[in-house]
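Visitor: below are the sequence and a predicted model; questions follow.
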Amino acid sequence: MPDVAKPKLTLTRLLEMKAAGEPIVMVTAYDFPGARAAERAGVDAILVGDSAAQVVLGYESTAQISVDELLTLARAARRGAPATFLVCDLPFGSTEVSDAQAIETAVRFVREAGADAVKLEGGGPERLERIRAIVAAGVPVVGHLGLTPQTATMLGGYRAQGRTVESARRLVAETMAVQDAGVCALVIEAVPTDVVAKILPRVAVPVIGIGAGPADGQVLVLHDLIGITEGRTPVFVKRFAELGTAMADAIADYSDEVRGGRFPADEHQYRSAPEAVAAARAAIEEGGGVR
Ligand SMILES: Nc1nc(=O)c2c([nH]1)NC[C@@H]1CN(c3ccc(C(=O)N[C@@H](CCC(=O)O)C(=O)O)cc3)CN21
Ligand SMILES: CC(C)C(=O)C(=O)O
Ligand SMILES: [Mg+2]
């Protein structure tokens, strides 16, 4: 398993990987151990996604997480993965008001969490203005099209996109538009593979897919791939482990051992010098333990 010694991804390298057909591996992480595991596994990039709202904080929607909440998680992820390209989602409401607000938020993720890039959902006219503003301020922006969870209500819920003529046309137009606006990479979420395949050769920047077929790279939510997510997960999720079950089993075993008097065992207990034990007994006999 690779550990350190892997050079951090650069924007130039990102383009080279696309040109060479080398798949870009991205995974989400939201804390120190998760990011450390991702860095040790040698992923190309980590995304501190606002999916943390649901998989870490238990909110109903990704739109509910605040900048301060995501920043705390991003800082922990950065401490766990100091040498990996780190992308942070810009939470809903933290870029909508003005270009100035969007720049301030993006700069906070860079300065306070050490983000290498930020990710912004959508490709409408106002989104393009924000992308240009943030890039002009010197912060690389990753675009995000297709299913954009922050505004999923407008899309009719968490549903795949690009499945109708109108939706496929819009996706192509928005892809070209965010590229023109200056994104360094693009996440496309929940779009039929054949529609994405038509777009791939037309974009210069790497397309990182999630539920979008074999694109220039893939991103997956960590909790989904390690099998911690409860209930139904999207069709594009593959569970590479069942850590949710492993976690529940471990806690159940611990409970059983406490209740059965098997934990703590000898090796989990401190032993003191015999003189200290004798001194404690003497002190108690002298009434030292009673006040
Ligand atoms: N744990 C987790 N993993 C994710 O990948 C993820 C989240 N949460 N939360 C935010 C979004 C929502 N995601 C989703 C959710 C469902 C579909 C999906 O395939 N929906 C069905 C329709 C379901 C319905 O109509 O209720 C579809 O066929 O489009 C896609 C992406 C992806 N994102
Ligand atoms: C699923 C990815 C693309 C994301 O935006 C997130 O995890 O928040
Ligand atoms: Mg997100």
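Guide: Received the coordinates, thanks. Just so you know, these numbers come straight off a predicted model, no measurement behind them. Ligands and ions are numbered 1, 2, ... in the order given.

Visitor: helix/strand/coil for residue 132?
Guide: The local conformation at residue 132, judged by DSSP: H, G, I helix; E, B strand; the rest coil, is helix.

Visitor: closest residue of the chain to ligand 2?
Guide: residue 49 (2.3 Å; CB to the nearest ligand atom). All C-beta atoms are positioned from the backbone trio N, CA, C, and that covers glycine.

Visitor: what count of nearby residues applies to the nearest residue to that residue once chain neighbours are set aside?
Guide: Counting by CB to CB, 6 or more residues apart in numbering, residue 28 is the residue found nearest to residue 49 once chain neighbours are left out, at 4.3 Å. Around residue 28 there are 27 other residues, counting by other CB atoms under 10 Å.

Visitor: give the contact list for the closest residue in space to residue 131 that isn't next to it in sequence.
Guide: In space, and not counting its chain neighbours, residue 131 is closest to residue 181: 4.1 Å by CB to CB, 6+ apart. Applying CB atoms under 8 Å, 6 or more residues apart in numbering to residue 181 gives the contacts 128, 131-132, 135, 143.

Visitor: among those, which two are most distant?
Guide: Greatest spatial distance among those (CB to CB): 132 and 143, at 11.9 Å.

Visitor: between those two, who's got more neighbours?
Guide: More crowded of residue 132 and residue 143, by other CB under 10 Å: residue 143, with 29 against 16.

Visitor: the more buried one pairs with what?
Guide: Beta bridges link residue 143 to residue 120, residue 186 when assigned by DSSP bridges.

Visitor: contact partners for it?
Guide: Residues in contact with residue 143, defined by CB under 8 Å, 6+ apart, are 119-120, 123, 131, 178-179, 181, 183, 185-187.

Visitor: can you list those in CSV and add pLDDT?
Guide: Output for the contacts of residue 143, formatted as CSV (pLDDT from 0 to 100):
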residue, pLDDT
119, 99
120, 98
123, 98
131, 98
178, 98
179, 98
181, 98
183, 98
185, 98
186, 98
187, 98
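
Visitor: just the buried ones from those residues, in ChimeraX syntax?
Guide: Per 16 or more other CB atoms under 10 Å, the buried members of the contacts of residue 143 correspond to this ChimeraX selection:
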select :119,120,123,131,178,179,181,183,185,186,187
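
Visitor: where do the helices sit along this protein?
Guide: Using DSSP state H, the helices of the chain run over 11-20, 32-41, 52-55, 67-80, 99-113, 125-136, 165-181, 193-199, 222-225, 243-259, 274-285.

Visitor: got CSV for the ones you listed, with distance to residue 215 too?
Guide: Formatted as CSV, the helices of the chain follow (distance: least, CB to CB, whole Å):
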stretch, distance to residue 215
helix 11-20, 10
helix 32-41, 19
helix 52-55, 22
helix 67-80, 23
helix 99-113, 24
helix 125-136, 20
helix 165-181, 12
helix 193-199, 6
helix 222-225, 17
helix 243-259, 26
helix 274-285, 65
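
Visitor: is it true that residue 146 touches residue 186?
Guide: No: applying CB atoms under 8 Å as the test, residue 146 and residue 186 come out as separate, 9.6 Å apart.

Visitor: show me what from the chain comes close to ligand 2.
Guide: Taking CB under 6 Å from any ligand atom as the contact definition, the chain meets ligand 2 at 28, 47, 49-51, 89, 187, 189, 210, 219, 221.

Visitor: okay, and which of those map to strands?
Guide: Assignment to strands by DSSP state E places the following of the residues of the chain next to ligand 2 there: 28, 47, 89, 187, 189, 210, 219.

Visitor: so for stretch 224-235, what gets flagged as buried?
Guide: Buried residues in stretch 224-235, defined by neighbour count with 16+ other CB under 10 Å: 224-229.

Visitor: give the contact list for residue 257.
Guide: Shown in contact with residue 257 (CB under 8 Å, 6+ apart): residue 263.

Visitor: where does the stretch 151-291 of the chain have low pLDDT?
Guide: For the stretch 151-291 of the chain, applying pLDDT under 70 flags the ranges 288-291.
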